[in-house]
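Undergrad: I would like the atomic coordinates for the input below:
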Amino acid sequence: MNEKLIIGVDIGGTTTKLALVLERGEVMEKWEIPTNTSNSGVAIIPDIAAAIKLKIMEHSIAQEQILGIGVGAPGPVNMQTGILYTGVNIGWEKPVPLREELQHLTSLPVVIENDANVAALGEMWKGAGDGARDVVCITLGTGVGGGVIVNGDIAHGVKGAAGEIGHITAVPQNGYYCNCGKYGCLETVASATGVLRLATDELKENQDPSVLREILHTTGRLSSKDIFEAAAQRDKIALKVVEKLTFYLGLALANLGSALNPEKIVIGGGVSQAGDTLLIPLREKFKQYAFSTVAESTSIEIATLGNDAGVIGAAWLIKYKH
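TA: Okay, here's the model as predicted:
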């Protein structure tokens, strides 16, 4: 095989995803290893290096066939120095020289970037972005992550915090507390956890009969999937929850859209699996609140790469940033 390979790495709180990616962006093989967060995450970089070396040996790949290793890491990154400032959910509470250590252990070039930015790059390159050069990606998972791509490249801002869409203030008064220390962040109402919070409050305030109340009574817990499924069946309380969620999210995206006028806004993460139940009311809210030119020219799409977005975006870093 003559085509060059790139190794894509996406470091997560529980598992680290790795992939051999062809230079054109196609995943040849993917695998994952546990992310060992014990002892302040001291084993994470050596574990990644060992997993890469093992895979290179398994396939008898020559060193010169590999262009490098692209890494998405969970925290603010300095791309010039290759340092991750903090990665609290993987035990890295102090700056870590991620690029330098991984280069030293593998003897391969390394480029690092924030994980949400990397997922955005993946979607732009090979996913729902479909090659568009102005894209906003937002991931609705346990939290809310984001990446802003302007003219084909990630916007970083002065301290690497551009794209923190989850921390736009969505509820300026009496908002829920956010892990970042503020109140009323978009993350507190638009993440999977946020949707549950909205549903729990609606069930307390509203005594209408609802399948959600029955599920909660029977199983003791709700999921965001339950809420969207009930909304698709026209359950009144579930519809009110989706109405609130799409109001907060639609308003935040409309404001972003009016500032950036991207070609596409791509929505990924677990909550996006609700598909049209989320997308139809969200598009309506976006059109209602965005500047008219933006409302007409920016489309909102569901992400298509799923869990592969990170490793594909990490490969893009080596192809275009190395």
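Undergrad: separation between Asp201 and Lys319?
TA: Distance of Asp201 to Lys319, computed by CB to CB, to the nearest Å: 46 Å. For every residue, glycine as well, the C-beta is placed using N, CA and C.
Undergrad: Could you check which of those two is surrounded by more residues?
TA: Lys319 (18 against 13; other CB atoms under 10 Å).
Undergrad: Hmm, that one is touching Leu22, no?
TA: No: between Lys319 and Leu22 there is no contact under CB atoms under 8 Å: 10.3 Å.
Undergrad: Name the residues contacting each of these two.
TA: Ile6 (CB atoms under 8 Å, 6 or more residues apart in numbering).
Undergrad: Helices of the stretch 51-200 of the chain, start to end?
TA: 98-106, 115-126, 187-190, 192-205 (DSSP state H, counting those that start in this stretch).
Undergrad: Quick one: these as CSV, columns for distance to Lys244 and mean pLDDT too.
TA: Output for those, formatted as CSV (distance: least, CB to CB, whole Å; pLDDT from 0 to 100):
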stretch, distance to Lys244, mean pLDDT
helix 98-106, 39, 97
helix 115-126, 24, 94
helix 187-190, 7, 96
helix 192-205, 5, 95
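Undergrad: Of the ones you listed, which stretch is the most buried?
TA: Ranked by average neighbour count under the criterion mean count of other CB atoms under 10 Å, those are headed by helix 115-126 at a mean of 29.
Undergrad: and it, how far from the chain's centre?
TA: 8 Å (CA atoms, centre = their mean, to the nearest Å).
Undergrad: ok so, going back, distance to Ile7 for the helices of the stretch 51-200 of the chain - can I get that in CSV?
TA: Listed next are the helices of the stretch 51-200 of the chain as CSV, based on distance: least, CB to CB, whole Å:
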stretch, distance to Ile7
helix 98-106, 9
helix 115-126, 13
helix 187-190, 31
helix 192-205, 30
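Undergrad: For Val88, which of those helices is the nearest?
TA: Shortest distance between Val88 and the helices of the stretch 51-200 of the chain, using CB to CB, is found for helix 115-126: 13.0 Å.
Undergrad: Please export the C-alpha coordinates of that closest one as PDB.
TA: The C-alpha trace of helix 115-126 is given here as PDB (Å, rounded to 0.1, in the frame of the first residue of the first chain):
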ATOM      1  CA  ASP A 115     -11.200  17.700  21.400                       C
ATOM      2  CA  ALA A 116     -14.400  19.700  20.500                       C
ATOM      3  CA  ASN A 117     -12.400  21.600  17.900                       C
ATOM      4  CA  VAL A 118     -11.100  18.300  16.400                       C
ATOM      5  CA  ALA A 119     -14.600  16.900  16.200                       C
ATOM      6  CA  ALA A 120     -15.700  20.100  14.400                       C
ATOM      7  CA  LEU A 121     -12.800  19.700  11.900                       C
ATOM      8  CA  GLY A 122     -13.800  16.000  11.300                       C
ATOM      9  CA  GLU A 123     -17.400  17.000  10.500                       C
ATOM     10  CA  MET A 124     -16.200  19.900   8.200                       C
ATOM     11  CA  TRP A 125     -13.700  17.600   6.300                       C
ATOM     12  CA  LYS A 126     -15.600  14.300   5.900                       C
END
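Undergrad: Show me the domain layout of the chain.
TA: 5-122+308-321, 130-304 (automatic domain parsing).
Undergrad: Burial check on Tyr183, number of neighbours?
TA: Neighbours of Tyr183 (other CB under 10 Å): 15.
Undergrad: Would you confirm that Pro262 contacts Cys137?
TA: No: using CB under 8 Å, Pro262 is not in contact with Cys137, being 9.4 Å away.
Undergrad: Identify the contacts common to those two.
TA: 148-149.
Undergrad: Those two: which has the busier surroundings?
TA: More neighbours surround Cys137 than the other of Pro262 and Cys137, with 33 against 25 (other CB under 10 Å).
Undergrad: which non-adjacent residue is nearest the more buried one?
TA: In this structure, Cys137 finds its nearest non-sequential neighbour in Ala120, 3.6 Å apart by CB to CB, 6 or more residues apart in numbering.
Undergrad: Tell me the span between the first and last residue of stretch 205-219.
TA: 21 Å (CA to CA, to the nearest Å).
Undergrad: Residues in contact with it: which ones?
TA: Residues outside stretch 205-219 that contact it (CB under 8 Å, 6+ apart) are 199, 203, 222, 226-227, 230, 233, 235-238, 240.
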